[in-house]
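A.B. asks: for reference, the sequence and a predicted model appear below.
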Amino acid sequence: MQLLKKADPEIYEAIKSELGRERSNLELIASENFPSISVLLAQGSLMQNKYAEGYPHRRYYGGCEFMDRVEELAIERAKKIFSAEHINVQPLSGVPANMAAYFTLANFGDTIMGLALPHGGHLSHGHSVSFSGKWFKVVHYTVDQDTEVINYTTLRELALQEKPKIIVSGASAYPRTLYFDKFREICDEVGAYLVADISHIAGLVAAGLHPSPIPYSDIVTTTTHKTLRGPRSAIIMCKEKWAKDVDKWVFPGIHGGPHMHTIAAKAVCFKEALEPEFKEYQLQVIKNAKSMEMELKHLNYRLVANGTDNHLLLVDLRSKGVTGKDAEESLARANITVNRNTIPYDPQKPFIASGIRIGTPALTSRGMKEQEMKKICTLMDKVLTNIQSEQIIKNVKEEVNELCNAFPLYPELDNIG
Ligand code: DSN
């Protein structure tokens, strides 16, 4: 870092400041995490120098022997974790991974069915602003208005009516278990393919704490940086019969040179995920989310779907007279980072939203446990019930600071400078 400081002080300062921000804030964004230093080192390594178009032992460039080694290790380790028949570790990110999955199984204009974004889905599951909504005919399923969970009976009825080519099972703001076996039954009945996007829950699936979609899905996609705690990237897993087409869509269909430094970092993340400590970490992620559920209920917050089975919670703030936007902004002033989020059947526009989404993966990586989660809920409540009071927010920020100092983040980076 001292070399960077000398060469480019402005970028050095920005990186140092981001380290300071990450250390001094309570990170509750459900899709973020703090990977290990080893993951960061691999990601920032000279493996990024190499062009390696193609796949191991079938490259279009010379000098790829170490690229082959790294990519093979990443695949081997990912297979041990997920037991998939075929794995492609090259996708650059979650959306291109979903793109490759859809292009493998469907043609332009075919119908795909995904969970609506305001009900917890993702842009790439068919939203009109995404390639998925522009290039396919989209039918969205929703959560049930009363229970706020997926109703598999109405999903089946919709699928029977619309006869989609693909049903996408997956979410970015859904606090309850996804039943991939039920999705499969519906797909079989209507002749659809099943794509599972497990980006949010991949770490829980890897640890055996959420049902795995692998036995039931044609193709499974996941990002690697959320609960899985790896580098910012993605992988695709599929049945052997789709392997060739998936590989062709990933390269050369969607990208050119794979990001070999990121593939090296994914391999490191997968090695970590095979260690017993990883399961303990994921168990704690769930325990921490449960502890927040209990405390928030105790403080009279309404939780979407009445709670959580996984790493995240959606809090409906309407009864507190605060919008999601105001909550996000006032919590940020106290160094508590969350994102505003629509709740199902939200009367507010997405930019304002009636709720916030909170997740436990990042703070669990810092070592925080149930007791700290409880404390964080009371701190959040102090802010949310006093959003006009700068003094109260300032007091909360001091308490946040104490808590952050008690759980140091990346102490190794002090030696790097
Ligand atoms: N932006 C991610 C999330 O926050 O869930 C999804 O891509």
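C.D. replies: Done, it's in.
A.B. asks: tell me which residues touch the residue nearest to residue 123 when sequence neighbours are not counted, please.
C.D. replies: Distances taken as C-beta to C-beta, 6 or more residues apart in numbering place residue 130 nearest to residue 123, at 4.5 Å, with adjacent residues excluded. (Glycine included, C-beta is placed from N, CA and C.) Contact analysis of residue 130 by C-beta atoms under 8 Å, 6 or more residues apart in numbering lists 95, 123-124.
A.B. asks: what distance do you get for the closest residue to the ligand within the stretch 251-400 of the chain to residue 58?
C.D. replies: At 6.8 Å from the ligand, residue 339 is the closest residue in the stretch 251-400 of the chain, using C-beta to the nearest ligand atom. As defined by C-beta to C-beta, to the nearest Å, residue 339 lies at a distance of 41 Å from residue 58.
A.B. asks: residues from the chain in reach of the ligand?
C.D. replies: 31, 94, 122, 172 (C-beta under 6 Å from any ligand atom).
A.B. asks: quick one: residue 114 from residue 25, how far?
C.D. replies: Residue 114 is 32 Å from residue 25, by C-beta to C-beta.
A.B. asks: more crowded one of residue 339 and residue 58?
C.D. replies: More crowded of residue 339 and residue 58, by other C-beta atoms under 10 Å: residue 339, with 19 against 10.
A.B. asks: from memory that one sits against residue 328, does it?
C.D. replies: Yes. Applying C-beta atoms under 8 Å as the test, residue 339 and residue 328 come out as touching, 6.1 Å apart.
A.B. asks: show me the contacts for whichever residue of the stretch 1-150 of the chain sits closest to the ligand.
C.D. replies: Going by C-beta to the nearest ligand atom, the ligand is nearest to residue 31 of the stretch 1-150 of the chain, at 3.3 Å. Residue 31 is in contact with 172, 199-200, 225-226, 359, counting by C-beta under 8 Å, 6+ apart.
A.B. asks: how about 6 Å then?
C.D. replies: Contacts for residue 31 (C-beta atoms under 6 Å, 6 or more residues apart in numbering) come out as residue 226.
A.B. asks: need the pLDDT of residue 417.
C.D. replies: If you check residue 417, the pLDDT there is 61.
A.B. asks: so what does residue 365 look like in phi/psi?
C.D. replies: Main-chain torsions, residue 365, degrees, to the nearest 10: phi -60, psi -30.
A.B. asks: excluding its backbone neighbours, what's nearest it?
C.D. replies: Spatial nearest neighbour of residue 365, chain neighbours left out: residue 34 (4.4 Å); criterion: C-beta to C-beta, 6+ apart.
A.B. asks: wait, doesn't that neighbour sit right on residue 363?
C.D. replies: No. Between residue 34 and residue 363 there is no contact under C-beta atoms under 6 Å: 9.1 Å.
A.B. asks: neighbour count: those two, which is higher?
C.D. replies: The neighbour count for residue 34 versus residue 363, taken as other C-beta under 10 Å, is higher for residue 363 (26 against 18).
A.B. asks: ok, how many other residues are close to the closest residue to residue 171 other than its chain neighbours?
C.D. replies: Among residues not flanking residue 171 along the chain, residue 120 sits closest, at 4.4 Å (C-beta to C-beta, 6+ apart). Residue 120 has 30 neighbouring residues, counting by other C-beta under 10 Å.
A.B. asks: any buried residues in stretch 199-219, and which?
C.D. replies: Residues of stretch 199-219 classed as buried by neighbour count (16 or more other C-beta atoms under 10 Å): 199-207, 209-214, 216-219.
A.B. asks: show me the contact partners of it.
C.D. replies: Stretch 199-219 has contacts (C-beta under 6 Å, 6+ apart) with 81-82, 84, 94, 101, 172, 180-181, 184, 193-196, 198, 220, 222-223, 226-228, 238, 242, 273, 279, 282, 310.
A.B. asks: can you give me the end-to-end distance of it?
C.D. replies: 13 Å (C-alpha to C-alpha, to the nearest Å).
A.B. asks: and that stretch, average pLDDT?
C.D. replies: For stretch 199-219, the mean per-residue pLDDT is 98.
A.B. asks: chain center to it: distance?
C.D. replies: 13 Å (C-alpha atoms, centre = their mean, to the nearest Å).
A.B. asks: what's the helix or strand encompassing residue 81 in contact with?
C.D. replies: Per DSSP states H and E, residue 81 falls inside helix 65-82. With contact meaning C-beta under 6 Å, 6+ apart, helix 65-82 is reached by 50, 52, 56-57, 87, 89, 206, 214, 237, 260, 263-264, 266-267, 270-271, 273-274.
A.B. asks: mark which of the buried residues of stretch 199-219 are part of helices, please.
C.D. replies: Judged by DSSP state H, these include 202-206 as members of helices.
A.B. asks: could you report the neighbour count for residue 20?
C.D. replies: Counted with other C-beta under 10 Å, residues neighbouring residue 20 total 10.
A.B. asks: any idea how far residue 167 is from it?
C.D. replies: 44 Å.
A.B. asks: again with residue 83
C.D. replies: 22 Å.
A.B. asks: of these two, which one has the most company?
C.D. replies: Taking other C-beta under 10 Å, residue 83 and residue 167 do not tie; residue 167 has more neighbours (28 against 11).
A.B. asks: doesn't that one lie inside a helix?
C.D. replies: No. Residue 167 sits outside any helix when classified using DSSP: H, G, I helix; E, B strand; the rest coil, being strand.
A.B. asks: give me the residue from the stretch 151-300 of the chain nearest the ligand.
C.D. replies: residue 172 (3.6 Å).
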